[in-house]
Each structure stands twice: as C-alpha cells, then as structure tokens.
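Asker: need a 3D model of the following:
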Amino acid sequence: MTSSPAAEPPAPGSAAEPPDSAGPAHDEEFDFRPYIDGAAILGAAANVIMQLAVPGVGYGVLESPVDSGKLTLHPVKRTRTTLTYLAVALLGDTDERAAYRKAVDTSHRQVRSNAQSPVRYNAFDRDLQLWVAACLYRGARDIRERMRGRPDSELEETIYRRSARLGTTLQVPPDSWPANLAAFDRYWTENLAATRIDPPVRDMLNEIVDLKMFPRPVQLLGGRFNRWVTAGLLPPRLRAEMGMTWSASDERRFDRMLRRLGRVSAALPVPLRNFPINAYLFDFRIRRRFGTKLV
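Answerer: This is a model prediction of the structure:
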C-alpha cells in the first residue's frame with residue numbers, strides 16, 4: 001500500500017475534497033440496479049477481512065473510539081451503516097452522496113492513530129479509503145462472477161467505472177481510482193501482496209467470522225456456515241493469514257452452491273434481487289427527509 005502517513009489529508013469540505021463521482025457522463029445514466037445482488041451479503045465477513053488486512057485499516061477499526069460504529073458491539077447498526085453506504089454510493093444522487101459523506105465524516109474525524117498505536121493511520125487517508133473501496137468492488141465482482149459468470153467486456157468496464165463511487169463518495173479523488181480493469185487488477189495484485197493480519201486484528205476478525213457479537217443461538221446456527229463461506233471467498237493469502245483450511249472438495253461444493261444461488265437470483269425480479277440494498281436506500285431517504293441521524 002503506497003501511502004504517505006505523515007501527510008495530513010485535506011479536511012472534509014475543503015476545496016481539495018474530491019467530487020463524488022467519476023467516469024464518463026453516460027455512466028451516470030447507466031441503470032446499475034440489475035447488477036446489484038443482495039446475495040453478495042454472504043461475502044460480508046470476507047470483505048471485512050480483506051479491508052482490515054491493511055494494518056492502517058485494521059488498527060483503525062480495532063482502536064476506534066467510536067464504539068457506536070463497532071461491528072463487534074453493535075452488529076445491526078454497523079451493518080445498516082455499511083449497506084446504506086453501498087446503496088447511496090451506487091444508487092444515490094449527487095446530493096444524497098454528499099449528505100452521507102458528511103455524516104460518515106463525523107465519525108471518521110475521531111479515528112486516527114495515537115502514540116501507542118502500532119502503525120500510523122487516519123480515517124481520512126485517501127490511500128486507505130481507496131483500499132477499502134477496492135475491497136468492496138473486488139468482493140462484489142468475485143461473488144457476482146461466481147454466481148452468474150462474467151459480463152461482456154464493455155459492460156464489465158462500465159460497472160467498474162460506476163464502482164469508483166465506492167471511493168469517491170468519501171475522499172478518494174477520481175483520478176486515484178485505477179483507470180480501467182487491467183489497471184485495477186494490477187493495483188489489487190500489488191497491494192494484496194503487501195497485506196498482513198496481526199494477532200490482535202485476527203482475534204477481532206475471528207469474533208466477527210464466528211458471529212460472536214450475536215446471541216448464542218445465532219452463533220451455533222450460523223457460525224460454522226459463515227466461517228466456511230468466508231474461507232471460500234477469501235484470497236488464498238488471506239485465508240492462510242486467518243489460519244483457515246480449504247480443500248478441493250470444499251471448492252467444488254462452494255462453486256455448486258454459488259451457481260445454484262445465481263440461477264435463483266437471476267430468476268427474481270430486480271427489486272427482489274436488490275434486497276436488502278434497496279431497502280437501506282429507502283430507509284436512508286426516510287431518515288434524511290425527517291432529519292434523523294444518518295449514521
């Protein structure tokens with residue numbers, strides 16, 4: 001991860017803050033809804049692991065003073081915040097993205113390293129935000145392709161350009177988002193090779209994978225399955241970092257499950273396929289209309 005931790009990122013709302021969209025103008029008119037699949041929520045824990053495998057992100061989450069935003073303490077609230085961000089970034093208009101950026105910035109202002117932190121970090125660091133956005137895009141792309149196959153190259157590039165909003169809705173400048181899929185794949189390979197998961201971060205991640213933040217019955221019913229799905233969606237490097245095992249038999253079973261899930265999903269009307277992302281966008285719009293807290 002190429003980062004300059006000594007440099008102070010521009011303050012939110014400053015003239016240096018990036019615009020909230022990127023890509024050719026026609027991408028703004030592109031209907032993204034047919035390519036959003038709520039089944040991708042299966043990859044939530046794997047995506048958290050990928051994000052936190054960069055130490056600046058991992059320790060930022062581990063040491064964050066914003067307890068109300070911690071998944072291990074408030075799983076329902078944190079899930080709502082993340083899925084609302086995805087919904088607003090990909091489906092919201094310019095004003096909605098600006099409103100949610102402002103709300104998220106309020107929490108991010110408090111997340112920065114201190115003298116005791118093992119690494120330096122700042123939640124406004126654009127390189128760290130770019131990595132998080134890249135994980136969100138890469139995770140969704142992976143599970144979509146495994147469920148439904150790869151789209152044609154032109155459509156795939158359009159989806160990719162629109163996905164830049166996952167970063168530009170916060171502080172990532174549009175020109176920081178890799179220019180095309182080939183550039184993104186190079187970025188992903190280079191930065192994935194530099195990831196590591198330190199023991200304190202791994203302990204927190206294992207709690208998330210095993211659903212320890214939920215009541216005991218939920219852990220017993222879903223923890224083992226969630227660990228299996230998470231292992232299946234992790235890059236081999238991070239699977240090893242987490243100490244997870246994975247066999248050829250696991251891979252065959254997992255691929256069959258995703259293909260079957262893809263056939264079911266493809267048969268659904270778009271609004272059902274989009275659930276719960278569309279529900280969180282509706283919830284955001286209601287809360288914004290009545291002036292209630294967005295994050």
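Asker: give me phi/psi at Asn122?
Answerer: Main-chain torsions, Asn122, degrees, to the nearest 10: phi -150, psi 130.
Asker: could you find the closest non-adjacent residue to it?
Answerer: Leaving aside its sequence neighbours, Asn122 sits nearest to Arg112 (CB to CB, 6 or more residues apart in numbering; 4.7 Å). For glycine as for every other residue, the C-beta is placed from the backbone atoms N, C-alpha and C.
Asker: neighbours around the one you found, how many?
Answerer: 18 (other CB atoms under 10 Å).
Asker: in this structure it contacts Ala123, no?
Answerer: Yes - with contact defined as CB atoms under 8 Å, Arg112 reaches Ala123; the gap is 6.7 Å.
Asker: which residues are in contact with both of these two?
Answerer: Gly60 (CB atoms under 8 Å, 6 or more residues apart in numbering).
Asker: against Ile143, how distant is Ser265?
Answerer: 10 Å (CB to CB, to the nearest Å).
Asker: these two: who's more crowded?
Answerer: A direct count of neighbours by other CB under 10 Å for Ser265 and Ile143 places Ile143 higher, at 24 against 18.
Asker: next up, phi/psi of the more buried one, please.
Answerer: Dihedral angles (degrees, to the nearest 10) for Ile143: phi -70, psi -30.
Asker: now swap in Thr195 and tell me
Answerer: phi -80, psi 160.
Asker: buried ones in the helix or strand harbouring Glu154?
Answerer: Under the criterion of DSSP states H and E, Glu154 resides in helix 153-162. Neighbour-count burial for helix 153-162 flags Glu157, Thr158, Ile159, Tyr160, Arg161, Arg162 (criterion: 16 or more other CB atoms under 10 Å).
Asker: rebuild these as a markdown table, extending it with pLDDT and distance to Arg80.
Answerer: Shown next, in a markdown table, are the buried residues of helix 153-162 (pLDDT from 0 to 100; distance: CB to CB, whole Å):
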| residue | pLDDT | distance to Arg80 |
| --- | --- | --- |
| Glu157 | 96 | 31 |
| Thr158 | 95 | 29 |
| Ile159 | 95 | 25 |
| Tyr160 | 97 | 27 |
| Arg161 | 95 | 27 |
| Arg162 | 94 | 23 |
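Asker: so which of those comes closest to Asp283?
Answerer: Arg162 (22.1 Å; CB to CB).
Asker: tell me if I'm right that that closest one and Glu29 touch.
Answerer: No - applying CB under 8 Å as the test, Arg162 and Glu29 come out as separate, 10.4 Å apart.
Asker: low-confidence ranges, the stretch 151-295 of the chain, go.
Answerer: For the stretch 151-295 of the chain, no stretch is flagged by pLDDT under 70.
Asker: mutual contacts of Ser265 and Ile143, please.
Answerer: Counting by CB under 8 Å, 6+ apart, the residues touching both Ser265 and Ile143 are Asp37, Ala39.
Asker: ok, Phe214 to Leu221 distance?
Answerer: Taking CB to CB, one finds Phe214 at 9 Å from Leu221.
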